[in-house]
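Undergrad: Make a model of this:
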Amino acid sequence: NQTCLCVPAADEEEDEDDEELLRRTGNFVASSDRLPSGVLRMKKCLHANSSRPSEDRLTTVQFHPSAQVVMTAGLDQSVSLFQVDGKTNPKIQSIHLERFPVHRAQFSRDGDTVIATSLKNKMFYLYDMMEGRVTPVHTVRGLNEARVKEFSVCPEGGALLLTGTNGYLHLLTLKTKEVVRSMKINGDIIGVAFSHDGSKVFVNSEDGEVYVWDMRSSRCVNRFTDEGCVKGTSIASSPNGQYLACG
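TA: Sure, this is the predicted structure:
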């Protein structure tokens, strides 16, 4: 439910714009128990990957969804896991992917698997952390793309949303390694964000147009323009489902 706030008309145009924004979204600032006001005490901790620094540029740093573990991956063709305690940060495991500089790596929804893609490969890797097994996926049925580079892990788990060329998005199931359906927007895709429950996906184009897709029906249910956008670069949604940020 949304509450409308009635306010007197402002004298200046800027005030009117501010009041209109507040009528639509409410206040931005709220109190926090974890981040109180005043002076914050800080201390410098040991580098997370100090036990195995990367030999080339890192492209991914991600915390595990449930364990106190951080993953790093990069152009040195490796994926590494570290136990983060702030004191020694010991390395848990590190894998080397031959001739495969990692462009993007991400934990699966359950945190048991790491998915890794490269820059110019159609194949990608699945790293089962429980069994320590690395599986190359060379063929994806129903995927008509020259390479697999950008992807997002679906919130419900068990599926990836691959960003293709010419505005295509492909839904891939990890169980069967096949594309079950595809969606298309106008222009090139530069960012993808899921709603908090995974029922919708927001797709930002390079032209600043945002498409809202229903994941169950694969239909575009809404479309709007990011006003004032010169060139779209990113998109993100808040965990509570209230806000959508377009860069």
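Undergrad: any idea how far the residue nearest the centre of the chain lies from residue 144?
TA: Central residue of the chain (Cα atoms, centre = their mean): residue 152, 5.8 Å from the mean position. Distance, residue 152 to residue 144, by Cβ to Cβ, to the nearest Å: 19 Å. Just so you know, the C-beta spots here come from the backbone N, C-alpha and C atoms, and that holds for glycine as well.
Undergrad: hang on, the earlier thing: what strands line up against the helix or strand harbouring the residue nearest to the centre of the chain, and which way round?
TA: Taking DSSP states H and E as the criterion, residue 152 maps to strand 150-153. Paired neighbours of strand 150-153 in the sheet (DSSP bridges): strand 159-163 (antiparallel).
Undergrad: pull the CA atoms of the strand holding residue 152 into PDB?
TA: Taking Å, rounded to 0.1, in the frame of the first residue of the first chain, the C-alpha atoms of strand 150-153 are listed here in PDB:
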ATOM      1  CA  GLU A 150      27.700 -12.000 -19.200                       C
ATOM      2  CA  PHE A 151      25.200 -13.900 -17.100                       C
ATOM      3  CA  SER A 152      23.000 -13.600 -14.000                       C
ATOM      4  CA  VAL A 153      22.100 -16.400 -11.500                       C
END
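Undergrad: residues making contact with that strand?
TA: 104, 106-109, 115, 117, 124, 159-163, 189, 192-194, 201 (Cβ atoms under 8 Å, 6 or more residues apart in numbering).
Undergrad: and the chain, what are its domains?
TA: 47-138, 139-247 (automatic domain parsing).
Undergrad: Tell me the span between the first and last residue of the first one.
TA: So that's domain 47-138. 35 Å (Cα to Cα, to the nearest Å).
Undergrad: ok, residue 60 touching residue 78?
TA: No: Residue 60 lies out of contact with residue 78 (Cβ atoms under 8 Å); the separation is 10.9 Å.
Undergrad: Neighbour count: the two, which is higher?
TA: Each of residue 60 and residue 78 has its neighbours counted (other Cβ atoms under 10 Å); residue 78 has more, 22 against 16.
Undergrad: Can you name the residues that contact the more buried one?
TA: Residue 78 makes contact with 54-55, 94-97, 102, according to Cβ under 8 Å, 6+ apart.
Undergrad: So what sits opposite it in the bridge?
TA: Assessed by DSSP bridges, residue 78 has beta-bridge partners residue 74, residue 96.
Undergrad: Quick check: the gap between it and residue 63.
TA: 18 Å.
Undergrad: picking that back up, list residues touching both of residue 60 and residue 78?
TA: Counting by Cβ under 8 Å, 6+ apart, the residues touching both residue 60 and residue 78 are residue 102.
Undergrad: any low-confidence regions in this protein?
TA: Confidence mapping of the chain against pLDDT under 70 gives the ranges 1-29.
Undergrad: residues contacting residue 73?
TA: Listed by Cβ under 8 Å, 6+ apart, the contact set of residue 73 reads 58-60, 79-80, 102, 104-105, 114, 116.
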